[in-house]
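Asker: please work out how this folds:
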Amino acid sequence: MISDPAQYMAIALFVSFVALIFTGYPVAWLMGGLAVAFTVISVLSDTYLDTFFGVDWGYSSIVVDRIYAVMNNWVLVALPMFVFMGIMMDKSGIAEDLMTDLAKLFGRVRGGLAITVVVIGVLLAASTGIIGAAVVLLAILGIPLMLKHNYDASLACGVVCATGTLGILIPPSIMLVLMADQIRISVGDLFMGAMLPGLMLGLLYGIFILVYAWLRPGVAPAPKDAEPVRLALVLNVLKSTIPPTLLIVAVLGSIFFGIATPTEASGVGALGATLLALVRKRLTFAGLRDVLQGTMKTTSYIFALFVGATAFALVLRGFGGDELIEDALTSLPFGPSGVVIVILFIAFLLGFVLDWIEITLILLPLIAPVLLDMDVNLVWFAVLFAVTLQTSFITPPVGFALFYMKGVAPKGVTTGTIYKGIIPFMTIQLIAVGLIFFFPSLATWLPAVAYGP
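Answerer: As a prediction, the model looks like this:
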């Protein structure tokens with residue numbers, strides 16, 4: 001129930017935002033512009049209509065202090081470092097070598113090439129954390145190879161889209177860094193909480209591929225010309241996998257064992273990825289320039305959203321939007337579990353039209369106080385939230401990963417083929433959401449063992 005007329009302004013602000021998303025205008029400037037526009041409306045109403053909605057220029061100026069507090073947060077220094085690490089790992093050419101060697105290793109197994117994509121996807125997820133880059137790279141490397149060996153095109157597209165989105169869940173994910181900052185929990189706790197669910201998803205993908213290929217041999221046949229597994233091949237696989245694995249262990253291990261903070265560990269990752277590219281003779285001045293430019297663009301995009309979201313959230317709160325949301329959630333007759341389900345459903349729907357960054361910056365600060373009052377474990381909720389957003393990335397008709405896939409898919413791969421292939425993996429992810437929901441220890445056990453309850 002709306003008790004304050006200013007809350008109608010909060011509703012109008014949010015509805016305007018949702019409506020203007022479809023204009024294609026950059027979301028960061030859209031949020032900031034709406035904050036200014038509604039401040040103007042509130043000031044004019046006070047001046048000419050003698051109706052004050054609680055927001056004026058004095059109140060809106062607080063956004064300067066809020067933005068300074070955001071930019072002064074040392075945790076966020078990890079963002080450009082992890083982005084740099086991911087892009088540099090992509091430049092190092094490790095994924096190409098892994099695809100070649102693992103394809104030979106699993107070549108005699110039905111579905112072996114798809115399993116190869118899953119394994120590489122998990123490694124990429126733990127080293128890049130950038131969905132678009134992971135999906136595109138896996139598609140370029142894996143789709144032609146699987147189609148060449150007569151794999152069903154829908155299965156090939158499905159496994160690439162699903163595996164490519166693991167980067168937002170498996171640490172060191174930049175999404176988890178942002179989520180931890182927005183709901184004020186430890187990045188290390190959230191990294192640990194997301195580790196088992198992320199690996200569980202990869203395992204579920206692999207099990208599905210093996211079972212599906214066994215039940216329907218024609219969709220993922222074993223190559224007829226597969227070479228036998230020899231010691232030299234196994235050594236090549238180890239040679240390709242050990243360097244990125246050691247880098248991942250160095251980054252995550254230093255966080256998990258308390259040796260380094262996430263910010264310090266991100267520096268280790270950035271340096272390690274650079275040395276890895278240098279040792280592999282893939283580091284050039286032109287390549288370094290591309291990596292730095294890519295890091296700058298991604299980081300600028302994220303921090304521009306910080307500015308816009310901060311202004312938007314401040315004005316929304318000024319109109320009583322946070323109280324409106326809190327009253328709406330606490331009045332639901334479902335209890336804490338029901339409220340969590342409603343929030344996840346809203347996040348799932350928002351994932352069709354917004355990137356995870358916008359959803360994280362807009363939604364999480366508004367709902368975190370409600371969840372704290374309900375005594376909801378925020379690590380458990382954040383992992384659930386992350387898996388739900390990951391599911392929205394692959395859900396037809398507007399999942400972002402599907403568009404990344406279509407953009408680089410070989411000729412003949414239609415949108416319908418991609419949609420058909422993603423359905424079983426989308427089902428697996430929904431099952432994973434259910435498992436984490438009903439068995440919270442999947443997300444809370446590892447942090448509790450490492451740091452205590």
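Asker: any weak-confidence spans in the stretch 351-453 of the chain?
Answerer: 353, 397-398, 451-453 (pLDDT under 70).
Asker: quick one: the helices in it?
Answerer: According to DSSP state H, counting those that start in this stretch, the stretch 351-453 of the chain carries its helices in the segments 356-373, 378-393, 400-408, 415-438, 441-451.
Asker: in the fourth one, what counts as buried?
Answerer: Put plainly, it is helix 415-438. Buried residues in helix 415-438, counted by 16 or more other Cβ atoms under 10 Å: 417-422, 424-426, 428-429, 432-433, 436-437. Using the backbone N, CA and C atoms, a C-beta is placed for each residue, glycine as well.
Asker: buried residues in stretch 361-376, which are they?
Answerer: Quick answer for stretch 361-376 (16+ other Cβ under 10 Å): Leu361, Ile362, Leu363, Leu364, Pro365, Leu366, Ile367, Ala368, Val370, Leu371, Val376.
Asker: closest one of these to Val219?
Answerer: Distance to Val219 across these (Cβ to Cβ) is lowest for Leu363, with 38.4 Å.
Asker: my guess is the closest one contacts Leu350. True?
Answerer: Yes - if you go by Cβ atoms under 8 Å, Leu363 and Leu350 touch, sitting 7.0 Å apart.
Asker: which residues of this protein fall in strands?
Answerer: Counting by DSSP state E, the chain has no strands at all.
Asker: where does pLDDT dip in it?
Answerer: Applying pLDDT under 70 to the chain flags residues 1-4, 107, 127-133, 225-229, 353, 397-398, 451-453.
Asker: gap between the spatially most central residue of the chain and Ile357?
Answerer: Centroid-nearest residue in the chain, with Cα atoms, centre = their mean: Ile168, separated by 2.6 Å. Separation of Ile168 from Ile357 (Cβ to Cβ, to the nearest Å): 10 Å.
Asker: which residues do these two both contact?
Answerer: Shared contacts of Ile168 and Ile357 (Cβ atoms under 8 Å, 6 or more residues apart in numbering): Met175.
Asker: what residues are up against Leu371?
Answerer: So Leu371 contacts Ile183, Pro336, Val339, Val340, Leu378, Phe381 (Cβ under 8 Å, 6+ apart).
Asker: who wins for neighbours among the residues you listed?
Answerer: Counting neighbours by other Cβ atoms under 10 Å, Phe381 leads those with 27 neighbours.
Asker: how about His149, nearest residue that isn't a chain neighbour?
Answerer: Among residues not flanking His149 along the chain, Pro223 sits closest, at 4.9 Å (Cβ to Cβ, 6 or more residues apart in numbering).
Asker: residues near the one you found, how many?
Answerer: Other residues close to Pro223 by other Cβ under 10 Å number 19.
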